[in-house]
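In: with the input below, show me the fold.
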Amino acid sequence: MKLITAKDLYLLSVITLIEAANRLSSGRLRPLFARGVAFLAYWLSRRKRRMSEKNVVQAFEGKLSRERARDIVKGSFYQFWLEIFSMPCSSGPEAADTISICGLEHLQDTLEQGKGAILWESSYFGRRNLAKYILHRNGFAIDQVHARNHMGGFAASGDAQSWTRDRVIRPFFDERQRSFVREIIYLTDPDFLIFARTMANRLRNNGILCISADGPRGHKFISVPFLGRTVSIPTGIASLAKVSGAPIMPLFCYADAKGRTSLNILPPVRIPSDLQREEALETTVLQFTDLLESYVRRYPEQYRNWHSFWGPPRLAALEAESATLKPRSRNFG
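Out: Numbering: from 1, shown residues only. Prediction:
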């Protein structure tokens, strides 16, 4: 195992910035701190900036001006760093009590059924950490599921491990997240079945799992349309829900054009019982991607993956495989 990697040096610099923001600014000033860092990141990340602007224009079929596309990308950079600097710690995020919560009754009703609940979020849209913090404030104990290379909103390139990452970087981000989640479950490929059993046990005990629907980790993916392109989405959680009977509820936390933040918990996604297993899983995933696309088109600045939103590297093989499949209808009634 290496002592330290180039990615570790970058993450250590981020940790230094986070600590500086906590010490030098109050909760109300953190957005200004995040905006300053986002401004620098936007101008220094030339390739990412240009790719993002190109993809925004394509996603909206050329109906946006270059200026509007540029504003969306700038907003995307800002939202990313706002999420990083506002990750709850002992004092919590700014203005947490002013957030509008919609659909909390869906989660309460689901838990009354005694089969647990799965909150399906996006890795790249809105305020993921703030959503969990608000649920924590309302008395809900959340078990967060992450990919092995996830660290506080950053994805370490590849799977390279290092002493610095294991002993310094991951503990730093984990400690901050554990202030508003009960447990963090990391998925690792060799032990996937073990973790699948762990998640099933949480649901049998009427626990709440929160997991990204559009993350890059999984054993089986399907290709689905999204923002005019094709993305690869893992089917593992949909399969877990089908087997366990635990309802899946999409979760979105975002700010509108006037800066008002909302947390939406939508009614459970219906897993069709009249379809074959693969068709049922694909239909379930399509329901989420349709919802996510509607939110992204309404609040494009809240989406943080414009530079590579068409999916992980394995997409080419998935597209070749899916080309032989019959297209599914996107009308779910």
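In: can you give me the helices for the stretch 1-150 of the chain?
Out: 6-24, 30-44, 46-59, 66-85, 104-112, 128-137 (DSSP state H, counting those that start in this stretch).
In: let me fix that, I meant to ask about the stretch 201-333 of the chain.
Out: With DSSP H, counting those that start in this stretch as the criterion, the stretch 201-333 of the chain has helices spanning 236-244, 277-298, 315-322.
In: deepest-packed of these, please.
Out: Mean neighbours per residue, mean count of other C-beta atoms under 10 Å, is largest over these for helix 236-244, with a mean of 20. The way it works is simple: take the backbone N, C-alpha and C, and place the C-beta from them, glycine included.
In: from the contact counts, what lies against that one?
Out: Secondary-structure packing of helix 236-244 (3 or more C-beta pairs under 8 Å, 6 or more residues apart in numbering; DSSP states H and E): strand 117-121, helix 192-204, strand 248-255, helix 277-298.
In: so for Glu19, which of the ones you listed sits nearest?
Out: strand 248-255 (24.7 Å; C-beta to C-beta).
In: what sits up against the closest one?
Out: The contact list for strand 248-255, computed with C-beta atoms under 8 Å, 6 or more residues apart in numbering, reads 99, 103, 106-107, 110, 117-122, 125-128, 130-131, 134, 210, 213, 237-238, 241, 261-269, 271, 284, 288, 291-292, 295, 299, 302.
In: again, only using 6 Å
Out: Contact partners of strand 248-255, identified using C-beta atoms under 6 Å, 6 or more residues apart in numbering, comprise 106, 118-121, 126-127, 130-131, 241, 261, 263-266, 268-269, 288, 291, 295, 299, 302.
In: give me the neighbour count for the residue nearest to Tyr124 when sequence neighbours are not counted.
Out: Computed as C-beta to C-beta, 6 or more residues apart in numbering, the closest residue to Tyr124 that is not its neighbour in sequence is Asn305, at 3.7 Å. The tally of other residues near Asn305 (other C-beta atoms under 10 Å) stands at 19.
In: just want the phi and psi numbers for Asn305.
Out: phi -130, psi 30 (degrees, to the nearest 10).
In: isn't it up against Gly126?
Out: No. Using C-beta atoms under 6 Å, Asn305 is not in contact with Gly126; the gap is 11.8 Å.
In: so what pLDDT did Ala317 get?
Out: Looking at Ala317, its pLDDT reads 39.
In: sorry, wrong one. I was asking about Gly245.
Out: pLDDT at Gly245 comes out at 91.
In: tally of neighbours for it?
Out: Gly245: 13 neighbours (other C-beta under 10 Å).
In: excluding covalently adjacent residues, which one is nearest to it?
Out: Lys115 (4.8 Å).
In: my guess is that neighbour meets Val243, correct?
Out: No. Under the criterion of C-beta under 6 Å, Lys115 makes no contact with Val243, lying 11.1 Å away.
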